[in-house]
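K.L.:
Got a sequence here, can you build the structure:
(chains A and B)
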Amino acid sequence: MTTFAQRIAAVLRREDFVDRHIAALRYKAGHRNATIESIADWEDRREQARALKQKVRDDHERYVDSWIRAARAAGTIVHEARAAAEACGVVLEIAKRHGVESIAKSKSMTTEECELNQFLARHGITVTDTDLGERIVQLFGEPPSHLVMPAIHRSRKEIGELFAREGMCDPGEEDPTRLTMAARRALRKLFLSADLGMTGGNFLVAETGTLVVIENEANSLLGTSLPDVHIAVVGIEKIVPRLADLATFLTVLAPSSTGQRLTTYATHYTGPQPRTPAELARGLAPRELHVVLLDNGRRQLRGTPAEEGLACIRCGACLNVCPVYRRAGGHAYDWTYMGPIGAVLAPALGGGKHDDLPKASSLCGACNDVCPVKIDIAGHLHEWRQELVTRGRVRPGLPPMLPSLLAHKRLWRLGIKTAKALGPVSGFFARRSAALRHWQVGGQRQLPELPSQSFTRWFRSRVSAEPSLRLERGSGPREVKHDDTVRPNPELEPLFEQRLTEAGGELVSSARLADEVLESTVATEGAAHILAARGIDRRVASIDKHELDGTDVLVATARMRIAQKGACWVDFADLGSRAQLLLAETLVLLVPREAIVTDLDEAYARITAETLPSCGAFVTGPSKTADIEQTLVFGAHGPRRLVVIPF
Amino acid sequence: MASRIRFFIPCYVDELWPQAARAAVELAEAVGFRVQLVDAVCCGQALSNAGAASGRLEAVFEAAAGGDDSEIIVLSASCTGHLDSVRAPEARPAVVEWCEWFARHAPDRFPNRVERCVALHGSCSALRSDGRSSEVRSSRGVAAMRDLLSRVDGLVVADPAFASECCGFGGSFATTFPELSVRMGKDKLASLRDAGSDRGRVDGIVSSDCSCLLHLRAIEGAGLPFYHVAEILRSAA
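P.N.:
Prediction:
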């Protein structure tokens, strides 16, 4: 078994990789900073998010029970898994019962933690990871190297070679857009044929039994909408108290993660997708939504330095700013959860194999600065160090004499004096002392010279008490101005347009509606009615996934717009089938003009526990990915264009 | 009658960067303070970060500092940060980082011009001295450095890109992961060197933490002189 020290030393010899990795993460962190600078209540939101997570931890079992009760009431089948093996067993049992051969799985760190893919493969079930980054690392046969950007360690050249080997593109292809489209083509076939969709989960709402999944590509939505069975494997720590609390969590998550204001899709699943009357008439069995609540050691974190780590919402911000992660890459951690937060969890959940990770930090605190739920990551790494040394699991790695020398000024002076006297032979010590040898790193860092006179000796040796220098005292510190001005609420319409455009969407005034609604357009039933009232006759779209695949333009309806986020709330009850939202090249959303709110708090005042549909989503711009060298590509799996038309 | 002030000069500054402490004392005396030293070697951070926090060194520090409520000026943002983190919020005597203290008393303008362009290195402790998100906003510790340096005519202070990225010292971190520590140092040096590109060539690096500077100075090809803020101010006095 290797140590982190050995692995990082090996990585650092690959200078090209390290250069590229640092640049990519600095770029990502820059996006985050730019976005949060414009969020006036950022610090309040972080504090709210922290407090909400704390509240749930303090009364954990009650929140788990209420989530389970509410989820079951909504028709979700809930399974509790104490360990990884149990979770794997549950999934296998469901898959077997439905005769499943192929699973479309979206990004999920819990399934990585359970090594579910490998387990199901041994039982003859193929699991295909459908997030572009996940698919890339799956084809490479390696684990993700980042919590939200699994393939950030791979270059476009490497990915092009991989796809060419897999027959997905021509040899020599390195263009991120064309590579993304190659993956889209291959995975679209899989979505249309998969028997079961799997996801992780970002939030579980105790109040309503809702499962919330956040994504950009639409692969989660495709995987959960086209097959009849959806299984989500979710850690028990993902519970939040109320639906309205999501306003806070969604506000802090995407900016921290990618610098977006909201991910393209924030989908709220409350119970399985209901059958249409036509489907019921054909005698089809009900669709199923299973949630596997995973403990796998989480309850045992209570009272350890990893406890607060349960608040983590897996945004990856601490990885992006960590100077160690920036240079190490995720694989150097050799564990499912990498970076600073991974190092906090490792001694508790890593089976004793990753006790060296809390030291893999200079304790600089950059992680604390950015954590959207204010986990004291550096503080917990510091606590682990004491705990692991106390328990004899790691050694402090200090010269044994050091504590005594530093505690006694006389001993310290004697030591320094000796070192100075030995100056001519200090080369001997420099070679013999491990610490001094390590300091020098084969000549890359010099040993400091010891000045002949220490400060204290100079201070004590002065004869005159009179200062040689005179200066006029000044008027005190100067004000350092922080821009804390609260900007007034901007006009909602221009704000919505600006935010939607930032997210890659387009706003069209209804006067131009006819131009957008092209010849090949089909519409959902609701949208067709609205168009008919304006003298535009459009065919009602099929609900069948195979017929919908390849549709040019589909017009659907959304319930409201959220100006600050550029988002539309889509109630899936308004769709003929979930697939209608996902399979057209261009999605047009008609939204009642007056239904516009400032931000998510107002949106959740309208989406209440009583009005919550079995599925609803905030849709913000077209499907997108930046999994190949951070190059933004629209149409990762879902619509390439999103047009919003207030009417 | 000069008023009395107490300084704590951390172990490595005392032995390895005495010129910074000397400058800090001379400046304090120049504005009318009589300096006393706290008779302790180390604040305890070195052991604590290595996982060997026994409280022993902190107890030695408290014993040396105790019996007197007057604040203690520490010539290191990092040691100040450690003492702050292990002491109760209202503990007496208070500890204050030297730049933050001197900004209260320093002259509004220093008498001598210093025609230089220095890159400002905010140590992690200075950057995060008040719990603000340093990625976006300047902290108290960095603001104090900037304030002091702005009182020197002719001096250009340049900010490096990626200022919030650690230089790679980190106490025992530097010898636990030596290659990584040096790589971080080299990257930091590159940003510092490039800092003045729009306002002149950087000809020195300045910080309120000599520990970062000891590490950066030692890296092969460092190539620039390194100063504690007090040394620059002393040259302007």
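
K.L.:
Could you use CA atoms for every contact and neighbour count after this?
P.N.:
Fine.

K.L.:
As a check, name the ranges of all strands in chain B.
P.N.:
Here chain B has its strands, by DSSP state E, at B:3-8, B:33-37, B:72-74, B:95-97, B:117-121, B:156-158, B:204-207, B:226-228.

K.L.:
model confidence over the third one, on average?
P.N.:
So that's strand B:72-74. Strand B:72-74 shows a mean pLDDT of 97.

K.L.:
Please name every helix or strand in contact with it.
P.N.:
Packing partners of strand B:72-74 (3 or more C-alpha pairs under 8 Å, 6 or more residues apart in numbering or on different chains; DSSP states H and E): strand B:3-8, strand B:95-97, helix B:98-102.

K.L.:
repeat that for 10 Å
P.N.:
Counting by 3 or more C-alpha pairs under 10 Å, 6 or more residues apart in numbering or on different chains; DSSP states H and E, the packing neighbours recorded for strand B:72-74 are strand B:3-8, strand B:33-37, helix B:77-86, strand B:95-97, helix B:98-102.

K.L.:
Just put the strands of chain B in TSV and tack on mean neighbour count.
P.N.:
Conversion of the strands of chain B to TSV gives the following (neighbours: other C-alpha atoms under 10 Å in any protein chain shown):
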stretch	mean neighbour count
strand B:3-8	18
strand B:33-37	17
strand B:72-74	25
strand B:95-97	24
strand B:117-121	26
strand B:156-158	22
strand B:204-207	23
strand B:226-228	23
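
K.L.:
Out of those, flag the one nearest residue A:351.
P.N.:
strand B:117-121 (39.6 Å; C-alpha to C-alpha).

K.L.:
Can you find the helix or strand in the chain with the smallest mean pLDDT?
P.N.:
Since you didn't name a chain, this refers to chain A. helix A:513-516 (a mean of 65; mean pLDDT, DSSP states H and E).

K.L.:
wrong chain, I was asking about chain B
P.N.:
Least confident helix or strand, chain B: helix B:124-127 with a mean of 90, by mean pLDDT, DSSP H and E.

K.L.:
hmm, that one in reach of chain A?
P.N.:
Yes. Contact of helix B:124-127 with chain A (C-alpha under 10 Å from any C-alpha of the partner chain) involves B:124-125, B:127.

K.L.:
Quick check: buried residues in the biggest helix by length in chain B?
P.N.:
Longest helix in chain B, counting residues (DSSP state H): helix B:178-194. Across helix B:178-194, burial judged by 16 or more other C-alpha atoms under 10 Å in any protein chain shown covers B:178-189, B:191-194.

K.L.:
show me where pLDDT drops low in the chain?
P.N.:
Picked chain A for this. A:424-426, A:465, A:479-490, A:510-520 (pLDDT under 70).

K.L.:
meant chain B actually
P.N.:
Short version for chain B, where the test is pLDDT under 70: B:1, B:131-138, B:197-199.

K.L.:
so what are the domain limits for it?
P.N.:
Taking automatic domain parsing as the domain assignment, the ranges for chain B are B:3-102, B:117-235.

K.L.:
What of chain A?
P.N.:
Split by automatic domain parsing, chain A gives A:1-38+A:312-393, A:49-299, A:492-646.

K.L.:
From start to finish, how long is the second one in a straight line?
P.N.:
Right, the one you point to is domain A:49-299. Taking C-alpha to C-alpha, to the nearest Å, domain A:49-299 runs 21 Å from one end to the other.

K.L.:
got a list of what the spatially most central residue of chain B touches?
P.N.:
Geometric centre of chain B, nearest residue: residue B:208, 2.1 Å, by C-alpha atoms, centre = their mean. Going by C-alpha atoms under 10 Å, 6 or more residues apart in numbering or on different chains, residue B:208 touches B:20, B:75-78, B:97-100, B:120-123, B:125-126, B:141-142, B:144-145, B:227-230.

K.L.:
again with residue A:493
P.N.:
Per C-alpha under 10 Å, 6+ apart, neighbours of residue A:493: A:561-563, A:566, A:593, A:596-598.

K.L.:
Figure out which of the helices and strands packed on strand B:72-74 is closest to residue A:196.
P.N.:
Residue A:196 sits nearest to helix B:77-86 of all the helices and strands packed on strand B:72-74, at 51.3 Å, using C-alpha to C-alpha.

K.L.:
What's the local residue count around residue A:166?
P.N.:
Neighbour count of residue A:166, defined by other C-alpha atoms under 10 Å in any protein chain shown: 11.

K.L.:
any idea how far residue A:219 is from it?
P.N.:
Counting by C-alpha to C-alpha, the gap from residue A:166 to residue A:219 is 20 Å.

K.L.:
Also residue B:82?
P.N.:
For residue B:82, the distance to residue A:219 - C-alpha to C-alpha - is 47 Å.

K.L.:
quick one, which of these two is more surrounded?
P.N.:
residue A:219 (29 against 18).

K.L.:
Compute the distance between that one and residue B:105, please.
P.N.:
61 Å.

K.L.:
Residue A:344 too?
P.N.:
Distance of residue A:344 to residue B:105, given as C-alpha to C-alpha: 42 Å.

K.L.:
Among the domains of chain A, which comes closest to residue B:223?
P.N.:
domain A:1-38+A:312-393 (21.7 Å).

K.L.:
Quick one: end-to-end distance for the closest one.
P.N.:
16 Å.

K.L.:
do stretch A:167-181 as well
P.N.:
13 Å.

K.L.:
what do you get for stretch A:619-631?
P.N.:
21 Å.

K.L.:
residues contacting the closest residue to residue B:151 other than its chain neighbours?
P.N.:
Setting aside the residues directly before and after it, residue B:151 is nearest to residue B:109 in space (C-alpha to C-alpha, 6 or more residues apart in numbering or on different chains), at 4.8 Å. Residues counted as contacts of residue B:109 (C-alpha under 10 Å, 6+ apart) are A:471-474, B:148-153, B:236-237.

K.L.:
Let's have the helices and strands packed on strand B:72-74 in JSON lines, adding distance to chain A.
P.N.:
Listed next are the helices and strands packed on strand B:72-74 as JSON lines, based on distance: least, C-alpha to the nearest C-alpha, whole Å:
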{"stretch": "strand B:3-8", "distance to chain A": "11"}
{"stretch": "strand B:33-37", "distance to chain A": "9"}
{"stretch": "helix B:77-86", "distance to chain A": "10"}
{"stretch": "strand B:95-97", "distance to chain A": "14"}
{"stretch": "helix B:98-102", "distance to chain A": "8"}
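
K.L.:
export these to TSV and tack on distance to residue A:210?
P.N.:
Putting these into TSV (distance: least, C-alpha to C-alpha, whole Å) gives the following:
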stretch	distance to residue A:210
strand B:3-8	56
strand B:33-37	62
helix B:77-86	40
strand B:95-97	50
helix B:98-102	50
